[in-house]
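**Student:** coordinates for the following, if possible.
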Amino acid sequence: MPIRLLCRAIRVAARDDKVSALLMRTGPNRGAMTMGQMQELRAAIGEFRARGKVAIAWSETFGEFGQSLAQYYISSICDRVIVSPSGSLCMVDMVANGMFLREALDKYGVEPQLRGRKEYKNARKQLMNSDFDEEHRESMVSLLNSVRAQMLREVASDRRLDEARVEELIQSGPHTSGGDRDKLKATGLVDDVLYRDEIYDQLGALVRQARDERERHDNDVDCEEEEEEQKKEADDVNLLFLSAYLKKRGSPLQKPVHAASLATGVKLAKPRSKHRVALIRCVGVIHLGRSTTNMFGDASDCGSVTISRAIRAAVADQSVKAIILQVDSPGGSYVGSDAIAREVQRARAKGKVVVSSMLNVAASGGYFVSMHCNKIVANPATLTGSIGVLAGKLVTKAFWKNLGINWATIPAGPNAEYFSTQVQYDSKGYGKLDEFLDIAYEDFTAQVARGRGMTREAVEEVARGRVWTGEQALTNGLVDRLGGLDTAIDVVRQLLDLPAETGIDVVAFPKQPSLLESLSAKPVENSIQRDQRGTASSAVSDGWHKMVATIGALQSPMQSLANHISASCALAPTQHGAVAALMSEHGVPTMLCPVATMTSVQLT
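**Tutor:** Predicted coordinates:
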């Protein structure tokens, strides 16, 4: 189950009087999570427990001689943590890895000519360097220490242990039972050592025991006496998967983007409140134009036209009182980011409250689109900031020459080959590149100062391309609150002066029409009508776009590999074609034109 569905289901169950406990299995094949996702899940479980319900986590093992600190971090928020007798606690310390491609690029004759603003704009250094430089290492150490401190602090709080004790256990790991069930329990990180069948046989008693222990801790009273009726109720367990629970409850598993209102326990299909909030998801690399969607209408990137149109539609809708811009983006186009930020400012000028809810990463362009919001909410481990820019190109002339291929060009003027990947920048070319970077950086930092109410000097201290965790960004004044979507909704209530328990309908914008609706809808006649309709794009063209996307999914596997290599290496359009050309013998036809390569100033 996707993390958004999982968190939503837990929050629905938290408000259901018929649900008394949550049994969560963690371990292999559960799917990798980022720190931001883990904190979203922990927050949902925390809300579940805050309503008097019990959460139990179990796993056959926390790592089978492999790092399991993240797996345990998810589990520690629960009332009880259980592992099987043959299991281990493979919690060892954290490490940050960096992959540097300079030597590989040199080997194949590719010369990266990239510059950034300023010294902490480290994205380009993976292509330019062979190891961490001083600023890159300083930034990574800071991020590593911040995330590590969060995990240790929260695990210690969850388990009612001293942080020093948790650190000691991590430093002395991995820990195994050695056939002694009490050995792992003695660490204080595990409550029970049981096989799966024992857990299910004793589940009622485990829930009751967890509830009693919490009451003893919270109230400092002896809860040994217990009514027989309560025992019977606790032992009478009816288990349901979360997906089955939602279906039985009458809340269908809709696509996550359309059902974000369930974060507050309110069904999207039949709004119950006059307070409607537009949820606009800015996910993936930011670029000019429309977002790319799959055949199901889910966006895989962040097109400035799509997001701007969604904001305008939300502003035009009189029933929408506020906008939550949910950002999970590492950045991208400077101009595209500025276009979205402009619409945020216009929305506020027209009386709409706008709150940014940062997920896993909202850095560079991801921060750019957020900086003019009324408030910014981020998870403690969200990667944000990176207030800076980079640009340049990869010169591939030697690469082609090594293959016996020479590109002959006939420029029409002295600057015709400025963007060409076959020609190096000269001093004049670098001068133009620096001019672009300086203008973009100056504008970025000036807008941060205006949007956040900071002095230019204060912005410069936290800018220069440096990435911060959400917790660090709160201290630096770059965000206002720590938390996830539920916290952002609470912030909206506060800004609208609504009581804490006021129901809010969170509605996804832009509305994603079905393929049938797209093909049958009347075409819009101008951009104003399109904004008022509030759909992702013009109806007919969007329908054809989905059909083309479906056909495109059937492309040659070799073409897919070329796309992947190009995306991984951040290649320009013509370089993308160059990769594909190398595979033409596998039936992938490609047209190449190295002079036409375009680069852009990137907020990455």
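
**Student:** elements contacting whichever strand or helix holds R312?
**Tutor:** Using DSSP states H and E, R312 falls within helix 304-316. Helix 304-316 sits against strand 276-283, strand 320-329, helix 334-349, strand 505-509, helix 527-533, with contacts defined as 3 or more CB pairs under 8 Å, 6 or more residues apart in numbering; DSSP states H and E. All C-beta spots, glycine's among them, are computed from the backbone N, C-alpha and C.

**Student:** so for T469, which of the ones you listed sits nearest?
**Tutor:** With CB to CB as the criterion, T469 lies closest to strand 320-329 of the helices and strands packed on helix 304-316, at 15.1 Å.

**Student:** can you add distance to N97 and mean neighbour count and give the helices and strands packed on helix 304-316 back as TSV?
**Tutor:** Output for the helices and strands packed on helix 304-316, formatted as TSV (distance: least, CB to CB, whole Å; neighbours: other CB atoms under 10 Å):
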stretch	distance to N97	mean neighbour count
strand 276-283	25	25
strand 320-329	22	25
helix 334-349	28	21
strand 505-509	36	23
helix 527-533	45	16
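
**Student:** hmm, back to that, list the buried ones in the helix holding R312?
**Tutor:** For helix 304-316, a neighbour-count test (16 or more other CB atoms under 10 Å) marks S304, V305, T306, I307, S308, R309, A310, I311, R312, A313, A314, V315 as buried.

**Student:** for those residues, which one is nearest G87?
**Tutor:** I307 (45.5 Å).

**Student:** thought the closest one was touching I280?
**Tutor:** Yes - under the criterion of CB atoms under 8 Å, I307 is in contact with I280, at a separation of 6.4 Å.

**Student:** how many neighbours does K107 have?
**Tutor:** Other residues near K107 come to 11 when the count uses other CB atoms under 10 Å.

**Student:** my guess is Q37 contacts V361, does it?
**Tutor:** No - using CB under 8 Å as the test, Q37 is too far from V361 to be in contact (11.0 Å).

**Student:** residues touching D16, list them.
**Tutor:** Residues in contact with D16 (CB atoms under 8 Å, 6 or more residues apart in numbering) are R249.

**Student:** so how far is K248 from it?
**Tutor:** Distance, D16 to K248, by CB to CB, to the nearest Å: 11 Å.

**Student:** where does the prediction get shaky in the chain?
**Tutor:** Low-confidence segments of the chain (pLDDT under 70): 1, 28-31, 218-236, 250-273, 294-298, 510-604.

**Student:** which residues touch the most centrally placed residue in it?
**Tutor:** For the chain, N360 is the residue whose C-alpha lies nearest the centre (CA atoms, centre = their mean; 3.1 Å). The contact partners of N360, taken as CB under 8 Å, 6+ apart, are T34, M35, G36, Q37, D328, N379, T382, L383.

**Student:** how about the fifth one: what's its closest non-neighbour residue?
**Tutor:** Spelled out, it's D328. L359 (3.9 Å; CB to CB, 6 or more residues apart in numbering).

**Student:** C-terminal to the host helix or strand of the one you found, what's the next element?
**Tutor:** Element membership of L359 [criterion: DSSP H and E] is strand 353-363. Where DSSP H and E defines the elements, the next helix or strand beyond strand 353-363 is helix 365-368.
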